[in-house]
Structure formats: structure tokens, C-alpha cells
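K.L.:
Structure of the sequence below:
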Amino acid sequence: MTSLLVFSDLDGTLLDHHTYSFDAARSALQSLKTFSIPCVINTSKTFKELIILRDELGHQDPFIVENGSAVYIPKHLSLFIDEPLEDCGDYWLKAFGPTRKTLIELTNDQTEKYTFKRFSDMSYQDLMSITGLGEENAKLAMQREFTEPMLWNDSNLALNALRQHLDQFDVQIQKGGRFSHLMGKHCDKANAMLWLTDVYESQADEKITTMALGDGENDIGMLSKADIPVVIRSPVHAPPEVPNRSDAWLTDAYGPEGWAQAINLVLSKQGIS
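P.N.:
Modelled structure (predicted):
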């Protein structure tokens, strides 16, 4: 039997877009734990947000934060990694890009050319109003390390112009469900997924099959590189196209309900459930 490694987006995928609930996915999540299948969270959320969410989810596996900017590996997993990593208490940290401070400095002189509002320009009350997050979660979302989300209120043409300007500094802009994210050029959900897959593969006795689930434009790279790409249907936007992957699944149900259907189907196809 082939080993399975699951990579999952959160907002609009494992978490409901409007309520942030994961109730519809609880049973499928438990199935993954029962069969010792790692479920790696691969999200735009921050380390601080994930610590609380992982507790709610009962999550014990590695997690990827801020759109692929860094991987956190719980030390209790005893995964062998043949490169120097940063020691972060209970976790090992692998970072792929520059700090948030650098990203803010690089866009300070662009605020008069284009219409956008970065997290650093907002109060936590602003973020609560935009996202529907509660006060505590909004404050956690603003504690970023490697990326700077912004509310883009200008044209796509303008966004591409800013992208071209930042390219010389090895900085990119990725569009997510609500925000556009400033981040290092090599920070990408796909790169982080492939790096972590190599870590698992180096210690596996059998071939690893990767399954990725996501609903937004910032998930396309991850979906395109996975063995089993699953596009989760969204109630607020059209499903993203996954280039050159005619085998990508599109769920019938939205958010966590669609997530659970896809997980259960794969477990069934693999003869696990």
C-alpha cells in the first residue's frame, strides 16, 4: 500500500469561509489520525494563529505558515532533517524568505502610487471588520513573521505593475481568498510542500502519495504539484484553474463538507477505510 501525505489549506477549505467552523470535517480528520496519515496544514495563517487552532483541531503534525514562508516541525515527531534548522522551543523552523519588516520597508514608497492597505496600516478593529474574526484572533493574525497581507483596492493592471517593481527585490505578491500577500519569491505553498514531502520520503519504506486540498489562487502551486489535487468548491468565488492538471478534483460540497468528502473518497480508493 502506498503511504499518503495530506496537505490542506484552512480558510474556505478545512474551515468554513463564513463561520471558520470545521465541524463537517471532524470525522474525516479523525479517520486520518486513526490510520496515522499526516495532515499538514498549509495556510496563510500565522504561527500564533496555528498554535491555538491546532489545539482545537487536535493537530499533531507539521504545519506550513504564511503561504509557504516557513515550516514548523514538532520535535516530538523525531523526523530526521539533514540541514540546519532554527530551534523554536517545541518546534524546528525552516524559513524560505525575508522577514516581514523587510517587506513593509520595500512597499512604503508605493502607498501613494496604488490603492492598498497593509496589515501594518490597519488596527485589529479594521481586521475584525473585514474578516469577521473575533478580537483575539484578529490580534493573532496581525502577528506575522514572513509575509505582509494587504487589502488590494486597485486594478489588476496596477497589481501586476507592483509585482514587476517588487520582482527586482525577489519579492512576489500572491492573491488569497481575501488578501494579497507580500512574500519572498521562493515562499510558496508548493515549495514548502515539496520540501516536507522529501523529509518524509527520505524516511519512508514505500512511495509517498501527496494529496493537496485548497480553494484559492494561492493554492494553485500546491495543487499543481500534488499527486492528488483537490479543489474545494467556494461559496464566494469561482474555483481556481489548476494548469496542466486535467485530473484535479472539484468537490460538490463547499468548504469542510467538500474536504471531508474528498478525504473519505481517497481513503476508500486506497483501501484504507
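
K.L.:
Do a quick rundown of the strands in the stretch 51-200 of the chain.
P.N.:
Ranges of strands within the stretch 51-200 of the chain are 63-65, 70-74, 86-88, 91-95, 116-118, 148-152, 171-175, 180-184, based on DSSP state E, counting those that start in this stretch.

K.L.:
hey, which of the ones you listed is tucked in deepest?
P.N.:
Of all the strands of the stretch 51-200 of the chain, strand 63-65 carries the top mean neighbour count, a mean of 27, counting by mean count of other C-beta atoms under 10 Å. For the C-beta atoms, the positions are set from N, CA and C on the backbone; glycine is no exception.

K.L.:
Packing partners of that strand?
P.N.:
If contacts are counted by 3 or more C-beta pairs under 8 Å, 6 or more residues apart in numbering; DSSP states H and E, strand 63-65 sits against strand 39-42, helix 47-57, strand 70-74, helix 189-201.

K.L.:
contacts for the first one?
P.N.:
Surrounding strand 39-42, the residues in contact under the criterion C-beta atoms under 8 Å, 6 or more residues apart in numbering are 5-10, 14, 29, 32, 50, 53-54, 59, 61-64, 68, 189, 192-193, 196, 212, 214, 222.

K.L.:
With distance to Ala260 added, can I get the helices and strands packed on strand 63-65 in TSV?
P.N.:
Compiled in TSV, the helices and strands packed on strand 63-65 are given as follows (distance: least, C-beta to C-beta, whole Å):
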stretch	distance to Ala260
strand 39-42	12
helix 47-57	13
strand 70-74	24
helix 189-201	21
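
K.L.:
do you know which of those lies nearest Tyr124?
P.N.:
helix 47-57 (12.7 Å; C-beta to C-beta).

K.L.:
Now stretch 215-225: buried residues?
P.N.:
For stretch 215-225, burial by neighbour count (16 or more other C-beta atoms under 10 Å) applies to Asp215, Gly216, Asn218, Asp219, Ile220, Gly221, Met222, Leu223, Ser224, Lys225.

K.L.:
show me the residues around the first one that make contact.
P.N.:
Contacts were defined as C-beta under 8 Å, 6+ apart; by that measure Asp215 touches 9, 11-13, 17, 177, 231-234, 237, 239-240, 255.

K.L.:
Would you mind giving me the PyMOL syntax to select the buried ones in the residues you listed?
P.N.:
Remark: buried members of these, expressed as a PyMOL selection using 16+ other C-beta under 10 Å:
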select buried, resi 9+11+12+13+17+177+231+232+233+234+240+255
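
K.L.:
Tell me the bridge partners for the residue nearest to Leu85 when sequence neighbours are not counted.
P.N.:
Among residues not flanking Leu85 along the chain, Trp92 sits closest, at 4.2 Å (C-beta to C-beta, 6 or more residues apart in numbering). Here Trp92 sits in beta bridges with Ile73, Asp87, as judged by DSSP bridges.
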